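Asks: Here is a sequence with its predicted model. Questions after.
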Amino acid sequence: MEQLLHYVWKHRLFQTDLKTTDGIPIEILDVGLHNTDEGPDFFNAKVKVGERVWSGNVEIHRSSDEWFKHQHDQNKVYNSVILHVVEFATKEVYNEAKLPIPQCEIQYPKHVRDNIEFLLNSDVSLPCCNYLKEFPSIHLQGWLNALLMERLERKSSDIQQLLERFNNSWADVFYVLLARSMGFGLNSEAFQRLALSLPLHYILKQGDNPLQIEALLLGQAGMLDDITVPDVYTEKLQNEYNFLKNKYSLTPLDKEIFRKLRVRPTSTPHIRLAQLASLLLNIQGLFSKVLECKDLGQIRLLLHVNASEYWQTHYQLGEESPRKSKFIGDASLDVMIINAIVPIVFAYGRRINDESYVDRALNFLDLIKPESNSIIKQFALYGVRSRNAYDTQALIQLKREYCEKRKCLYCRIGYRLLSEK
């Protein structure tokens, strides 16, 4: 497996008594910089062959045949290769200039291959689970720090794409993130699709009219059709949406994209859209207010809204229920802060090159209680305890981007396991 050979070379897990296929001793002074794009596998390596030191690139294959199979002998880019590293040297290789390239067979300990085959081929969702308790806590925290930054940088990249879509309007991007966060995982994609199909400026044109904003959201979500027992309020919503749909040439989404199974009554898409409508009543200037908040409590106050009066006695349109307040709960507020506030404050700080916003975003995560989901529970089962949302966001990044994709070779835990006998 070529990926394993790259890993062995990069981390110097190979046996050091290397020789060329001609028997000349080789000393690896610098393995070079790993290249994951087109071109040689490692740039700017430094290798001593016999008494002569060479600087250039290194190409790695399982066998010599692959040099020709990939047509490197016909590509001038590979004329800079100073060493061809293989597991099996089957023939001599030469570059486009017809000059021979030194080759060496790489050897590495058996436990490295055994461990990597176990990690990559195991049916267990966390193949290193039995090793996690032994992993030094100081190294684990360092890895979690890197994982969290990796996750936030990825979200910043997503935000940058939205900024390009909305001509650098932070208000529009914040609206989309806020809507997505109201989907709370199960319906996040659906809520984002809703926001993208319903531009913010249409919301702003309705001013402080809660009926019209609810009509836009519920109607655009396809939830104003086929109401079993319509009442006065639902008829008003339908009339408002029909008028606004024609005015703005809107095409409603298919309501089936919103998932309702195994959802608590207070978390149904109807209730979440009603709560979102209450938030959007004050969306004008809300992003600026968020940027001004240095205290997590202030953020919670901005987001702590109740659904309109109709929803105090309803969970579904046209179906009356006992009166119950429909405020956004504390746990839900934390999820919204984690998924909307933290990413956009972090991205804003990166964009304007102001680390105070970056630090504030990280501090918010540090103050929020750890999330509770299947991923976090699985890590806890094997001894990895989370102190706060900072840790849980890092663990989610680890699970989704490394464990699930079997990128054990790029994980610090996997590296330590591979390096040990």
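Replies: Happy to help now that I have it.

Asks: Who are the packing partners of the longest helix along the chain?
Replies: The residue-count maximum for a helix in the chain (DSSP state H) belongs to helix 137-165. Counting contacts by 3 or more CB pairs under 8 Å, 6 or more residues apart in numbering; DSSP states H and E, helix 137-165 packs against helix 170-181, helix 342-352, helix 355-367, helix 389-398, helix 412-419. Every residue, glycine included, has its C-beta placed from N, CA and C.

Asks: Out of the ones you listed, which is closest to Asn95?
Replies: helix 412-419 (32.4 Å; CB to CB).

Asks: on contacts alone, who are the packing partners of the closest one?
Replies: Using 3+ CB pairs under 8 Å, 6+ apart, helix 412-419 is in contact with helix 110-121, helix 129-132, helix 137-165.

Asks: Compare the mean pLDDT across those and name the weakest.
Replies: Confidence, taken as mean pLDDT, is least for helix 110-121 of these (a mean of 78).

Asks: Just want the angle from that helix to helix 412-419.
Replies: 140 degrees (axes from the mean of the first three to the mean of the last three CA atoms, to 10 degrees).

Asks: can you pull the buried residues of helix 110-121?
Replies: In terms of neighbour count (16 or more other CB atoms under 10 Å), helix 110-121 has its buried residues at 112, 115-116, 119-120.

Asks: on that earlier part again, dump the helices and strands packed on helix 137-165 to CSV, plus distance to Leu152, mean pLDDT and mean neighbour count.
Replies: Formatted as CSV, the helices and strands packed on helix 137-165 follow (distance: least, CB to CB, whole Å; pLDDT from 0 to 100; neighbours: other CB atoms under 10 Å):
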stretch, distance to Leu152, mean pLDDT, mean neighbour count
helix 170-181, 13, 97, 23
helix 342-352, 5, 98, 21
helix 355-367, 7, 97, 17
helix 389-398, 8, 98, 23
helix 412-419, 18, 82, 20
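
Asks: Could you dump these into JSON lines with distance to Ser157 added?
Replies: Output for the helices and strands packed on helix 137-165, formatted as JSON lines (distance: least, CB to CB, whole Å):
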{"stretch": "helix 170-181", "distance to Ser157": "13"}
{"stretch": "helix 342-352", "distance to Ser157": "9"}
{"stretch": "helix 355-367", "distance to Ser157": "15"}
{"stretch": "helix 389-398", "distance to Ser157": "14"}
{"stretch": "helix 412-419", "distance to Ser157": "22"}
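
Asks: Please report how far Phe327 lies from Arg262.
Replies: Computed as CB to CB, to the nearest Å, the Phe327 to Arg262 distance reads 22 Å.

Asks: More neighbours: these two, which one.
Replies: A side-by-side neighbour count of Phe327 and Arg262, using other CB atoms under 10 Å, places Phe327 first with 15 against 7.

Asks: Which pLDDT value goes with the more buried one?
Replies: 95.

Asks: what angle separates the longest helix of the chain from helix 170-181?
Replies: If you take the same axes, to 10 degrees, helix 137-165 sits at 120 degrees to helix 170-181.

Asks: Relative to the whole chain's centre, how far out is helix 137-165?
Replies: Mean C-alpha position of helix 137-165 versus that of the full chain (CA atoms, centre = their mean, to the nearest Å) differs by 7 Å.

Asks: again, but for stretch 334-352
Replies: Relative to the centre of its chain, stretch 334-352 is centred 14 Å away, using CA atoms, centre = their mean.

Asks: quick one: Glu105 and His84 touch, right?
Replies: No: look at Glu105 against His84 with CB atoms under 8 Å: they stay out of range, at 10.3 Å.

Asks: just to revisit the earlier point, Lys377 is nearest to which of the helices and strands packed on helix 412-419?
Replies: Among the helices and strands packed on helix 412-419, the nearest to Lys377 by CB to CB is helix 129-132 (12.8 Å).

Asks: returning to what we had before: out of the helices and strands packed on helix 412-419, nearest to Ala215?
Replies: helix 137-165 (25.4 Å).

Asks: Give me the angle between the closest one and helix 342-352.
Replies: 70 degrees.

Asks: got the angle for helix 137-165 vs helix 355-367?
Replies: Angle of helix 137-165 versus helix 355-367, following the same axes, to 10 degrees, is 120 degrees.

Asks: Can you tell me how far Glu96 is from Ser55?
Replies: Separation of Glu96 from Ser55 (CB to CB) stands at 19 Å.

Asks: How about the contacts made by the residue nearest to the spatial centre of the chain?
Replies: The C-alpha lying nearest the average C-alpha coordinate of the chain belongs to Arg151 (CA atoms, centre = their mean; 5.1 Å). The contact partners of Arg151, by CB atoms under 8 Å, 6 or more residues apart in numbering, come to 393-394, 396-397.

Asks: so how far is Asp22 from it?
Replies: Arg151 is 48 Å from Asp22, by CB to CB.

Asks: repeat for Thr313
Replies: Distance of Thr313 to Asp22, computed by CB to CB: 87 Å.

Asks: Equivalent analysis for Leu317, please.
Replies: Separation of Leu317 from Asp22 (CB to CB) stands at 81 Å.

Asks: wait, Tyr348 sits on Val290?
Replies: No: counting by CB under 8 Å, Tyr348 does not reach Val290; the two are 9.3 Å apart.

Asks: pLDDT weak spots in the stretch 1-150 of the chain?
Replies: Along the stretch 1-150 of the chain, segments meeting pLDDT under 70 are nowhere present.

Asks: who wins for proximity to Gly32 among the helices and strands packed on helix 137-165?
Replies: Taking CB to CB, helix 412-419 is the member of the helices and strands packed on helix 137-165 nearest to Gly32, at 18.1 Å.

Asks: Kindly export that closest one (C-alpha atoms) in PDB.
Replies: The C-alpha atoms that make up helix 412-419 are tabulated as PDB, following Å, rounded to 0.1, in the frame of the first residue of the first chain:
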ATOM      1  CA  ARG A 412      -1.700  11.600  16.100                       C
ATOM      2  CA  ILE A 413      -3.200   8.700  18.100                       C
ATOM      3  CA  GLY A 414      -2.800   6.400  15.100                       C
ATOM      4  CA  TYR A 415       0.800   7.600  14.700                       C
ATOM      5  CA  ARG A 416       1.700   6.800  18.300                       C
ATOM      6  CA  LEU A 417       0.100   3.400  18.000                       C
ATOM      7  CA  LEU A 418       1.900   2.600  14.800                       C
ATOM      8  CA  SER A 419       5.200   3.700  16.200                       C
END
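
Asks: Now do the same contact list for Ser325.
Replies: Neighbours of Ser325 in contact, by CB under 8 Å, 6+ apart: 306, 312.
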